[in-house]
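Novice: Okay, here's the prediction I keep looking at, along with the sequence it came from:
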Amino acid sequence: MARYTGPTTRIARKFGEPIYGPDKVFEKRNTPPGQHGLAAKRKKQKEYGIQLKEKQKVKYMYGVLERQFRNTYAKASRMKGQTGENLLLLLEARLDNVVYRLGIAPSRAAARQLVLHRHITLDGQVCNIPSAQVKPGQTVAVRERSKSLEVIQASVASATKYAWLEFDPKTLVGKFLNVPARTEIPESINEQLIVDLYSK
């Protein structure tokens with residue numbers, strides 16, 4: 001399965017925000033990467049460049065590559081409602097993202113690895129597909145034999161709670177209560193730029 005495995009701080013510096021979560025290195029050096037970093041920051045971007053940058057940011061943020069992202073967008077465009085919002089809601093409902101939001105993993109990349117290594121169950125059944133869509137009412141839990149993993153215990157101890165999720169830190173069982181409203185998604189994303197890009 002393909003995924004981005006390169007330096008994360010460099011990507012965060014490219015977009016000017018810590019898209020992978022808290023980053024001490026980014027806080028010290030938040031200019032664009034490369035020897036012409038500051039000059040690149042002053043350079044005026046065209047409309048297409050701004051739209052493309054927003055799409056790339058969301059791809060890196062959710063750990064999705066181009067073909068999968070395009071397929072997700074196509075699915076969102078066939079759904080009722082606004083395409084941009086539908087796209088974000090589909091990305092939020094991915095199993096790896098739900099595992100991250102529940103606080104079982106410290107990052108989406110770590111959540112993806114937990115899913116791939118068969119540490120996570122969906123409605124009681126082991127699921128090793130990070131892109132599996134979690135539906136409202138379904139439960140996401142840590143397998144019994146994996147509950148003592150240090151990375152999981154450390155992450156749960158500092159987890160952030162979200163209104164559309166329910167989680168019991170003692171049993172490590174969570175529930176996807178409902179699809180989140182657009183205003184509940186905390187990341188700084190302008191989904192309309194992505195819609196405009198794909199509409200060309």
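Specialist: Now that the structure is in, tell me what you want to look at. Keep in mind the model is a prediction, meaning the values are calculated, not measured.
Novice: Run a quick neighbour tally on Ser188.
Specialist: For Ser188, the count of nearby residues is 10 (other C-beta atoms under 10 Å). Where C-beta positions appear, they are placed from N, C-alpha and C, glycine not excepted.
Novice: again with His117
Specialist: His117 has 12 nearby residues by other C-beta under 10 Å.
Novice: ok, and the closest non-adjacent residue to it?
Specialist: Closest residue in space to His117, ignoring its immediate chain neighbours: Asn128 at 7.5 Å, by C-beta to C-beta, 6 or more residues apart in numbering.
Novice: again, but for Ala105
Specialist: The spatially closest residue to Ala105, leaving aside those adjacent along the chain, is Ala111, at 3.7 Å (C-beta to C-beta, 6+ apart).
Novice: again, but for Lys147
Specialist: Leu172 (5.5 Å).
Novice: That neighbour contacts Arg143, doesn't it?
Specialist: No. Between Leu172 and Arg143 there is no contact under C-beta atoms under 8 Å: 9.1 Å.
Novice: quick one: contacts for the residue nearest to the spatial centre of the chain?
Specialist: In the chain, the residue lying closest to the centroid (C-alpha atoms, centre = their mean) is Tyr62, at 3.0 Å. Residues in contact with Tyr62 (C-beta atoms under 8 Å, 6 or more residues apart in numbering) are Leu91, Arg94, Asn97, Arg108.
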